[in-house]
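Engineer: Give me the fold of what follows.
(2 chains)
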Number of protein chains: 2
Amino acid sequence: MTTLATPLQPTDRTTVRRGKNRAVADREILHDVLRAGMICHLGVIMGDAPMVLPTAYGIDLDRGPDGTLYLHGSVAARSVMAAPDQTICVTVTHLDGLVLARSAFHHSVNYRSAVIYGVPRLVVDLDEKLHGLDRIVDHLVPGRTSGTRAPNRKELAATSVLALDLTEASVKMRAEGANDEEEDLALPHWAGVIPVRLTAGAPITNPDCPHPIPTHIQSRSHDLTTDEFLAIRDA
Amino acid sequence: MTTLATPLQPTDRTTVRRGKNRAVADREILHDVLRAGMICHLGVIMGDAPMVLPTAYGIDLDRGPDGTLYLHGSVAARSVMAAPDQTICVTVTHLDGLVLARSAFHHSVNYRSAVIYGVPRLVVDLDEKLHGLDRIVDHLVPGRTSGTRAPNRKELAATSVLALDLTEASVKMRAEGANDEEEDLALPHWAGVIPVRLTAGAPITNPDCPHPIPTHIQSRSHDLTTDEFLAIRDA
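Structural biologist: As a prediction, the model looks like this:
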């Protein structure tokens, strides 16, 4: 695991105003949230409105002073080419649980959420473009790039990759039970958490594919299933 | 299930430019995506940057001509009060699978994603505010509001609710196997899908709560677990 020197630097934008106790100033946690995520929600300004779209991403924590996030661009790339100095916002959220309190007011969710701001860079260097695409594919399934055909010249030309420094970032999380008011504790209502998690089903081989499921696919499926979680669920 | 008369009306913004075959013009599907979601990603413009934050929401498909989405506001409400005519963007995404193709280029994800644009309304009417909060709590766990203490005057004053018409919306989805180039089919690489899904663990009762787990909580947990999915996973 890579340890980076720069702590999370809250700018005015990334200073968490509400629920400050839930803001986490730890670059390791940022990395964990990004590593565990599968898609991000990318925000760009289009005309006079914000646009939020789910997007694939990858990370290279050794690139740049604070690490680099690569985005598989299309709409984003279009907006970046139209407005090269535009700040974008990338958010990666894990929903971890539904928090059910005795009072409606204290209902909440457990989650981990990373928010990154910056002016992205359209990757034009071919080597970095290939590298960025590899990071994106390997982010979906670690080790996958060694089990696929690499992009050819035509495919590379048809794909846009954006790079975003992980410099201006914040992490917020909640990971606890229901927090009710003292005077509500005696109410006859149940309080607690329903833990939730993204889990994987068994890999489904394409009908036109005669090959057995390779180890990196089995591992990824297992990875997203997590025996610990299922043990809790099946208890 | 409520059927609304207005079909999804693509505006310039909600016209899907890329992957048109993946755009779905069916209000029923929009409703399904919103019903199944647990949090949305809310985009607002703050200063000169987009801001994307995970947010709780609820829906009332019988309110307004096209139905209403309620947002539990804080940051959003602040931005709406600062810029009352600002368009916001609400995105609800379900990640359904990782699509692994023989070529890196054709890697993808299966997903369902709803995007809604509009100028939200800060709910000031007390009855509608209560109603909106009920819809948000019942969205997390159907039937939950009848098992909690309703908000009191002070809590209502401390909470912001935004209402957004479901008029300008679009849905995109992908739900298929890997689509490789004809000339790649003979490659020795595995192709297929790892299905993923948000699943629930067993409810965890708060240590300070002596009550048994009520039916609406058990049902919700089961709902998010789905025997069909686990049967696939455990096959």
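Engineer: Can you tell me which helix or strand of chain A has the lowest average pLDDT?
Structural biologist: helix A:227-234 (a mean of 53; mean pLDDT, DSSP states H and E).
Engineer: Would you mind naming the residues that bridge with the residue lying closest to residue A:205 once chain neighbours are set aside?
Structural biologist: Spatial nearest neighbour of residue A:205, chain neighbours left out: residue B:192 (4.3 Å); criterion: C-beta to C-beta, 6 or more residues apart in numbering or on different chains. To be clear about C-beta, it is placed using only N, CA and C from the backbone, and glycine gets the same treatment. When bridges are called by DSSP bridges, residue B:192 pairs up with residue A:205, residue B:100.
Engineer: Roughly how far does residue B:192 sit from residue B:198?
Structural biologist: If you measure residue B:192 against residue B:198 using C-beta to C-beta, to the nearest Å, the figure is 21 Å.
Engineer: Spell out the residue ranges of the strands in chain A.
Structural biologist: For chain A, the strands defined by DSSP state E occupy A:23-24, A:39-46, A:49-60, A:68-73, A:88-100, A:108-118, A:121-122, A:160-165, A:168-174, A:192-200, A:204-205.
Engineer: Mind putting those into JSON lines with mean pLDDT?
Structural biologist: Output for the strands of chain A, formatted as JSON lines (pLDDT from 0 to 100):
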{"stretch": "strand A:23-24", "mean pLDDT": "60"}
{"stretch": "strand A:39-46", "mean pLDDT": "95"}
{"stretch": "strand A:49-60", "mean pLDDT": "96"}
{"stretch": "strand A:68-73", "mean pLDDT": "93"}
{"stretch": "strand A:88-100", "mean pLDDT": "97"}
{"stretch": "strand A:108-118", "mean pLDDT": "96"}
{"stretch": "strand A:121-122", "mean pLDDT": "94"}
{"stretch": "strand A:160-165", "mean pLDDT": "95"}
{"stretch": "strand A:168-174", "mean pLDDT": "93"}
{"stretch": "strand A:192-200", "mean pLDDT": "93"}
{"stretch": "strand A:204-205", "mean pLDDT": "95"}
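Engineer: CSV please, covering the ones you listed and showing mean neighbour count.
Structural biologist: Compiled in CSV, those are given as follows (neighbours: other C-beta atoms under 10 Å in any protein chain shown):
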stretch, mean neighbour count
strand A:23-24, 18
strand A:39-46, 24
strand A:49-60, 22
strand A:68-73, 25
strand A:88-100, 24
strand A:108-118, 23
strand A:121-122, 16
strand A:160-165, 23
strand A:168-174, 21
strand A:192-200, 22
strand A:204-205, 17
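Engineer: Tabulate those in CSV, adding columns for distance to residue B:68.
Structural biologist: As requested, the strands of chain A are exported to CSV (distance: least, C-beta to C-beta, whole Å):
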stretch, distance to residue B:68
strand A:23-24, 31
strand A:39-46, 22
strand A:49-60, 19
strand A:68-73, 32
strand A:88-100, 22
strand A:108-118, 21
strand A:121-122, 39
strand A:160-165, 35
strand A:168-174, 27
strand A:192-200, 25
strand A:204-205, 38
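Engineer: what's the span of stretch A:30-47, first residue to last?
Structural biologist: End-to-end distance of stretch A:30-47 (C-alpha to C-alpha, to the nearest Å): 31 Å.
Engineer: any idea how chain A splits into domains?
Structural biologist: Domain ranges of chain A: A:20-180, A:199-235, per automatic domain parsing.
Engineer: Identify the residues contacting residue A:63.
Structural biologist: residue A:163 (C-beta atoms under 8 Å, 6 or more residues apart in numbering or on different chains).
Engineer: Quick check: it vs chain B, distance?
Structural biologist: Note on residue A:63: its distance to chain B, by C-beta to the nearest C-beta, to the nearest Å, is 19 Å.
Engineer: Let me see the backbone angles for that residue.
Structural biologist: Phi and psi for residue A:63, reported as degrees, to the nearest 10, are phi -100, psi 120.
Engineer: for the nearest residue to residue A:173 once chain neighbours are set aside, what are its contacts?
Structural biologist: Nearest residue to residue A:173, sequence neighbours excluded (C-beta to C-beta, 6+ apart): residue A:112, at 4.3 Å. Contact analysis of residue A:112 by C-beta under 8 Å, 6+ apart lists A:29, A:33, A:36, A:93-94, A:96, A:171-173, A:175.
Engineer: Can you lay out those residues as CSV showing distance to residue A:138?
Structural biologist: Shown next, in CSV, are these (distance: C-beta to C-beta, whole Å):
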residue, distance to residue A:138
A:29, 22
A:33, 18
A:36, 14
A:93, 21
A:94, 19
A:96, 24
A:171, 23
A:172, 27
A:173, 25
A:175, 28
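Engineer: Please work out which residues outside the longest helix belonging to chain A touch it.
Structural biologist: Scanning chain A for the longest helix, with DSSP state H as the assignment, gives helix A:126-140. Outside helix A:126-140, the residues within contact range by C-beta under 8 Å, 6+ apart are A:38, A:56-60, A:70-72, A:123, A:144-145, A:148, A:150-151, A:156, A:159, A:161, A:163, A:220, B:98, B:100, B:104, B:107, B:109.
Engineer: what's the offset of that helix from the middle of its chain?
Structural biologist: 16 Å (C-alpha atoms, centre = their mean, to the nearest Å).
Engineer: what inclination does it have with respect to strand B:108-118?
Structural biologist: 90 degrees (axes from the mean of the first three to the mean of the last three C-alpha atoms, to 10 degrees).
Engineer: measure the residue of chain A most remote from its centre to residue B:209 for me?
Structural biologist: Centroid-distance maximum for chain A: residue A:186 at 39.2 Å, with C-alpha atoms, centre = their mean. With distances taken as C-beta to C-beta, residue A:186 is found 11 Å from residue B:209.
Engineer: mind listing what the spatially closest residue to residue A:83 that is not a sequence neighbour touches?
Structural biologist: Residue nearest to residue A:83 in three dimensions, not counting chain neighbours: residue A:45, with 7.6 Å by C-beta to C-beta, 6+ apart. With contact set as C-beta under 8 Å, 6+ apart, residue A:45 has these partners: A:51, A:79, A:83, A:86, B:45, B:48-50.
Engineer: ok, which pair from those is furthest apart?
Structural biologist: Greatest spatial distance in these: A:51 and B:48, 15.1 Å, computed using C-beta to C-beta.
Engineer: on that earlier part again, go through the contacts of residue A:112 and name the one nearest residue A:225.
Structural biologist: residue A:36 (13.8 Å).
Engineer: residues touching the closest one, list them.
Structural biologist: Per C-beta under 8 Å, 6+ apart, neighbours of residue A:36: A:94, A:112.
Engineer: how deep is residue A:127 tucked in, by neighbour count?
Structural biologist: By the criterion of other C-beta atoms under 10 Å in any protein chain shown, residue A:127 has 8 neighbours.
Engineer: now for the strands of chain A, which one comes closest to residue B:118?
Structural biologist: Nearest of these (C-beta to C-beta): strand A:49-60, 9.4 Å.
Engineer: quick one: strands adjacent to the closest one?
Structural biologist: Partners of strand A:49-60, by DSSP bridges, with direction: strand A:39-46 (antiparallel), strand A:68-73 (antiparallel).
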